[in-house]
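> I'd like to go over a predicted model; first the sequence, then the structure.
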Amino acid sequence: MKLFLDTADIDEIRIVERWGVLDGVTTNPTLFAKTSGRTYDEVLKEICGITSGPVSAEVVAEDVDGMLKEGRHFAKIADNIVVKVPMSETGLEAISRFAAEGIATNCTLIFSANQGLLAAKAGASLLSPFVGRLDDINEEGMTVIRELSDIIRFHEIDSEVLSASIRHPRHVTDSALAGAHVATLPFKIVQQMVHHPLTDKGIAQFRSDWDAARKALAAKA
Ligand code: G3P
């Protein structure tokens with residue numbers, strides 16, 4: 001399963017890229033609003049220079065012409081831009097028009113397998129069900145990931161399921177087991193995946209045993 005970072009924070013993206021585990025980046029208007037002093041275009045350009053993986057840039061227009069205008073503009077920023085379009089009647093039309101133009105899309109705000117199926121049929125490369133927001137309203141977000149991943153594989157559809165709105169590390173494991181092709185994660189969750197109390201304790205123990213052994217040797221000399 002590929003791992004994307006769900007952020008517009010350049011420092012976070014650089015760190016995870018250095019770890020060698022970054023496959024792409026997803027942004028949205030909320031994440032962009034947390035950055036300051038630069039335009040969305042400038043931020044996207046810098047992100048595309050850090051990773052060669054897909055970088056999702058989200059449209060805010062709600063009409064087809066507006067979505068097409070924004071998406072075509074984003075697509076010119078870099079070859080690895082993927083235009084993020086919300087699931088809606090106009091969104092499906094825009095996705096289908098982008099597909100005809102060879103512009104890759106990520107259909108966002110998916111909350112059911114049927115919505116994902118429609119987005120795939122319209123030509124979206126990435127299908128983004130929001131796991132955490134479904135869990136928030138007492139539904140089972142992972143069920144959508146499992147059902148949609150099964151549908152995509154069973155019917156050999158050329159789209160990938162991207163598990164989004166991930167809230168904790170267990171969501172990552174469950175997404176991988178449910179067949180998601182990609183999960184997009186906040187930086188904090190990638191950090192949580194790195195650490196385990198027994199790993200951190202083990203590192204400290206090895207260090208202190210090593211220091212004690214060297215001290216003993218030095219005392220003998
Ligand atoms: O990329 C969008 C998605 O991951 C949003 O997550 O935490 O705002 O539900 P969240």
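Nice, thanks for sending it over.

> Identify the residues contacting the closest residue to Gln192 other than its chain neighbours.
With CB to CB, 6 or more residues apart in numbering as the criterion, Gln192 has its nearest non-adjacent residue at 4.9 Å, and that residue is Pro169. C-beta: built from backbone N, CA, C; applies to glycine. By CB atoms under 8 Å, 6 or more residues apart in numbering, the contact list for Pro169 reads 189, 192-193.

> For the nearest residue to Asp63 once chain neighbours are set aside, identify the helix or strand it belongs to.
Nearest non-adjacent residue to Asp63, counting by CB to CB, 6+ apart: Thr90, 5.8 Å away. Thr90 belongs to helix 89-101 when assigned by DSSP states H and E.

> So for the residue nearest to the spatial centre of the chain, what pLDDT did the model give?
Centroid-nearest residue in the chain: Thr184, 2.3 Å away (criterion: CA atoms, centre = their mean). Note on Thr184: pLDDT of 98.

> Next, it: secondary structure please.
strand (DSSP: H, G, I helix; E, B strand; the rest coil).

> quick one: contacts for it?
The contact partners of Thr184, taken as CB under 8 Å, 6+ apart, are 3-6, 24, 26, 128, 162-164, 166.

> Quick check: bridge partners of it?
Following DSSP bridges, Thr184 is listed with bridge partners Phe4.
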